[in-house]
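My questions concern the predicted model and sequence given below.
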Amino acid sequence: MRILHTGDTHIGARQYGLEARRSDFARAFAQVITIAIAESVAAVIHAGDLFDDRYPSAEELSETVRALFRLKEAGIPLLGIVGNHEQRRGVQWLDLFAELGLAMHLSAEPYRLGETDIYGMDYAGRRRVEPQQVPPGSLLVCHQMLDKARSDGELRLEELAGCGARLVLLGDYHEHRVWRAKGAYGHTPLQLVTYCGSTERWSLDEREPRGVSLIDLDTGRLDRRELATRPFIYISEEDDPIKSIAAQQEQFKEAIICVYRGSDEHSIAEIEERARAAGSLAVRVRDRRPQAERERPELQVQLDFGDLDGIVAERLAQQDFSGLAHQIDGIIRDRVIADSRVDAEVSGLLDEQQ
């Protein structure tokens, strides 16, 4: 029995403010669905950050729902957790999709897939988090950054020791990584820990091809399927950017160009103009010159914001708000009340008014 592991799809990301990039992220997710159906997987497991933020547009919701209906028609469930980008107070978008029968929000209650119990843990902050305990041999899905995710070294298995899982599928880090335990670690049957990586390049540093993972739940075998995404072309600081653009002009059409500037020979404006003339979609220039060459006299600026709280209070007093509205505003601005308690405090106030 195989599942498709994906995550960090960031639907709705308008990278560089471009509508074309927003479409790219949606198109990448559509490819994920196509692969899942073609491979006849038992389920798609999404490890968080389905959306790029907690307020997706109607267009992005419509595109996502259409893709999820394709999965449903193929009889493939989408099992997911909530990432940091899309996380909301109260009801999550994933909960809405679950009510529509298009997805399942994984939690501390197991979802049974064949002979495997699958558990989920939503994003829990950047602090060190102890993974939830699950029965031995289960599959655990998390949206969390492990200490060693950004290196090619050995995974610090103590971060996951004792959680009970045999397979741990992760999201949050945008590069594909795999660690396999050589035998049991302590008393845990941990065998495989993996990040699926993002489905589109969310930043310039994400150079590796984007893809998804196909995982056999019985054997732990992992195969990759590459996605067709918009090309990113990199010009190093050792290369002359103008000559490189002239030599590769055909490859630059509709691509994202990243130029690492190593000298003052060409201005940023000249580099951007040449790249756009070659038909590139966007140009990004990163300065790699020695620090001494980049230093400029510092501009001394002093800012005085005054009494912001006083200004806000004065403007609010000028508005024709009801007494109840002012009370709600007071709860929201009260620094003693934690953000996680605002909903409960406001609800309590409204109940008192009834």
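Thanks, I have the structure now. This structure is a prediction, so every number in the text was calculated from the model and none was measured.

contacts, neighbours, all on C-alpha from now
Will do.

Figure out the helix or strand that Trp166 lives in.
Careful, residue 166 is Arg and not Trp. strand 165-171 (DSSP states H and E).

And the helices in the stretch 201-350 of the chain?
For the stretch 201-350 of the chain, the helices defined by DSSP state H, counting those that start in this stretch cover 241-247, 268-277, 291-294, 308-318, 323-333, 339-353.

how about stretch 71-81: buried residues?
Buried positions in stretch 71-81, judged by neighbour count with 16 or more other C-alpha atoms under 10 Å: Leu71, Ile76, Pro77, Leu78, Leu79, Gly80, Ile81.

which ones among the residues you listed are found in helices?
Leu71 (DSSP state H).

Go through the buried residues of stretch 71-81 and name the one nearest Arg54.
Ile81 (13.8 Å; C-alpha to C-alpha).

What is the end-to-end distance of stretch 197-217?
19 Å (C-alpha to C-alpha, to the nearest Å).

ditto for stretch 334-344
For stretch 334-344, the end-to-end distance is 14 Å (C-alpha to C-alpha).

which residues touch it?
Stretch 334-344 has contacts (C-alpha atoms under 8 Å, 6 or more residues apart in numbering) with Arg89, Ile331, Ile332.

And for the last one, the neighbour number?
Using other C-alpha atoms under 10 Å, Ile332 has 18 neighbouring residues.

Tyr119 looks like it's in a helix, true?
No: counting by DSSP: H, G, I helix; E, B strand; the rest coil, Tyr119 falls outside a helix, being strand.

Report the beta-bridge partners for it.
The bridge-partner assignment for Tyr119, based on DSSP bridges, gives Leu140.

Any stretches of the stretch 251-354 of the chain with poor pLDDT?
Where the stretch 251-354 of the chain drops to pLDDT under 70, the residues are 291-299, 305-306, 354.

how about TSV for the contacts of stretch 334-344, with distance to Val178 added?
What follows is the contacts of stretch 334-344, written out as TSV (distance: C-alpha to C-alpha, whole Å):
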residue	distance to Val178
Arg89	32
Ile331	46
Ile332	43
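
if we can go back for a sec, the strand holding Arg166 pairs with which strands?
Counting by DSSP bridges, strand 165-171 is paired with strand 138-143 (parallel), strand 192-195 (parallel).

Quickly compare these and say which is most buried.
strand 138-143 (a mean of 26; mean count of other C-alpha atoms under 10 Å).

Might you quantify the distance of that strand from its chain's geometric centre?
16 Å (C-alpha atoms, centre = their mean, to the nearest Å).

and that strand, C-alpha only, in PDB?
The C-alpha coordinates for strand 138-143 follow below in PDB (Å, rounded to 0.1, in the frame of the first residue of the first chain):
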ATOM      1  CA  SER A 138       2.000   4.100  13.700                       C
ATOM      2  CA  LEU A 139       2.600   6.900  11.200                       C
ATOM      3  CA  LEU A 140       3.000  10.400  12.500                       C
ATOM      4  CA  VAL A 141       2.600  13.600  10.400                       C
ATOM      5  CA  CYS A 142       4.000  16.900  11.700                       C
ATOM      6  CA  HIS A 143       4.700  20.400  10.500                       C
END
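
quick one: contacts of it?
Taking contacts as C-alpha under 8 Å, 6+ apart, the residues outside strand 138-143 that touch it are 47-48, 81-84, 116-123, 134, 164-172.

go on, stretch 257-264?
Against stretch 257-264 from outside (C-alpha under 8 Å, 6+ apart): 204, 232-238, 241, 275, 280-289.

Next, the buried residues of it.
Buried, per 16+ other C-alpha under 10 Å, within stretch 257-264: Ile257, Cys258, Val259, Tyr260, Arg261, Gly262, Ser263.

How much space separates the second one from Ile3?
When C-alpha to C-alpha is the yardstick, Cys258 and Ile3 sit 35 Å from each other.

Show me where the stretch 151-300 of the chain has its strands.
Here the stretch 151-300 of the chain has its strands, by DSSP state E, counting those that start in this stretch, at 165-171, 177-180, 192-195, 211-216, 222-226, 232-235, 256-261, 282-287.

okay if I get the ones you listed as TSV plus distance to Val65?
Shown next, in TSV, are these (distance: least, C-alpha to C-alpha, whole Å):
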stretch	distance to Val65
strand 165-171	21
strand 177-180	29
strand 192-195	25
strand 211-216	20
strand 222-226	23
strand 232-235	29
strand 256-261	29
strand 282-287	29
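
quick one: which of those is nearest Ala43?
With C-alpha to C-alpha as the yardstick, what comes closest out of the strands of the stretch 151-300 of the chain is strand 211-216 (10.2 Å).

Contacts for the closest one, please.
1-6, 32, 196-199, 221-227.

what's across from Ser213 in the sheet?
His5, Arg224.

Can you get me a residue count around it?
Neighbours around Ser213, by other C-alpha under 10 Å: 22.

do the same with His85
18.

now the closest residue to Glu345 other than its chain neighbours: how far from Cys196?
In space, Glu345 comes closest to Ile331 once its chain neighbours are excluded; the distance is 7.2 Å by C-alpha to C-alpha, 6 or more residues apart in numbering. Per C-alpha to C-alpha, Ile331 is found 41 Å from Cys196.

do the same with Arg289
Counting by C-alpha to C-alpha - Arg289 and Cys196 are separated by 34 Å.

For these two, work out which one has more neighbours and name it.
Comparing Arg289 with Cys196 by neighbour count (other C-alpha under 10 Å), the higher total belongs to Cys196, at 28 against 14.

Which parts of the stretch 51-200 of the chain are helices?
58-73, 93-99.

Give me the buried stretch members for the first one, please.
The one in question is helix 58-73. Glu60, Leu61, Glu63, Thr64, Ala67, Leu68, Phe69, Arg70, Leu71.
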